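Q: Predicted model follows, preceded by the sequence.
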Amino acid sequence: MQKGKKIYFASDFHLGANGVESSFEREKIILDWLNSIQNDAQAIYLLGDIFDFWFEYKYVVPKNYIRLFAKLAELNDKGIEIFAFTGNHDMWTFGYWEEITGIKVFHQPIEIKYNNVSFYIGHGDGLGPGDYPYKVLKKMFRNKFLQWCLARVHPNLTFAVAQKWSAKSRINNIQKDELFKGKENEFLYQYCLDILNKKAVDYFVFGHRHLALNLIVGESKTRYINLGEWVGPHKHYAVFDGQNLEINSFKSTKNTIED
């Protein structure tokens, strides 16, 4: 790592959720956060569900989000590395993010080291035990032929259906997402245990759960960090200073589950 620099992580902005006005206000807060960290950021990791729904046609992309894309491009031009992961809400990106901003996009978890500290990073959907209906659905969503078929549907219809589906899903799952289930029932925690049995990792960092977590994995010193989300009041993010990774809340009080 460069002297005096830090690595930042955030997830689950869900831009587009809860209406245009709410999304626009959330985007402004995200831009404020990016402005606040740009002087000491070496790299920024955005761990999926940046958008509540994204489908990228060959010549058409979702409107709005111009300010966020412009800011990411600006940061990239300044030499700050930007890494974006696709989530279960915005997996259908096919090159536009990279072309318009220069950021690097990943569709699967990655491993990386800073100062010899190892990180295992991803969005988190479809990992660990259980949730088999979604895992089947995810395979369907990633099917090239089905993507080709969906690209033939008019964007107005695609986005109208997606927005209703997303809103229904959020209403049905918001309470479940925000409750800690105990380590034995947290599927990403169980996934971390399984990976840790195969390789050494210092920090697992995921999003997806909409709950900020900072947990020791098994009997090791390894920690599982979940980044929470930005739809609610807390606006969680994590920062690595070269030695330690901590969860903070932008313009809000710290609210994480730790052991």
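A: Perfect, thanks for sending it. Numbers count the residues shown, from 1 in each chain.

Q: Report the mean confidence score over stretch 138-155.
A: Taken as a whole, stretch 138-155 has an average pLDDT of 84.

Q: ugh, typo on my part, it should be stretch 82-89
A: Mean pLDDT, computed over stretch 82-89, is 94.

Q: moving C-terminal of the helix or strand hosting residue 119, what's the next helix or strand?
A: Using DSSP states H and E, residue 119 sits within strand 117-121. Helices and strands here follow DSSP H and E; after strand 117-121, the next one along the chain is helix 132-141.

Q: If we go by neighbour counts, what in the strand holding residue 119 is buried?
A: Buried residues in strand 117-121, counted by 16 or more other CB atoms under 10 Å: 117, 119, 120, 121. The C-beta positions use only the backbone N, C-alpha and C, and glycine is treated the same way.

Q: Now do that strand: distance to the chain's middle.
A: 15 Å (CA atoms, centre = their mean, to the nearest Å).

Q: again with stretch 28-38
A: On CA atoms, centre = their mean, the centre of stretch 28-38 falls 16 Å from that of its chain.

Q: In that stretch, which residues are buried?
A: Buried residues in stretch 28-38 (16+ other CB under 10 Å): 30, 33, 34, 37.

Q: where does the second one fall, phi/psi-wise?
A: Yep, that's residue 33 we're talking about. phi -60, psi -50 (degrees, to the nearest 10).

Q: Would you mind measuring from it to residue 104?
A: 20 Å (CB to CB, to the nearest Å).

Q: quick one on the thing from earlier: with the buried residues of strand 117-121 in mind, which one is nearest to residue 4?
A: Distance to residue 4 across these (CB to CB) is lowest for residue 117, with 16.9 Å.

Q: who are the neighbours in contact with that closest one?
A: Contacts here follow CB atoms under 8 Å, 6 or more residues apart in numbering; on that basis residue 117 touches 202, 203, 240, 243.
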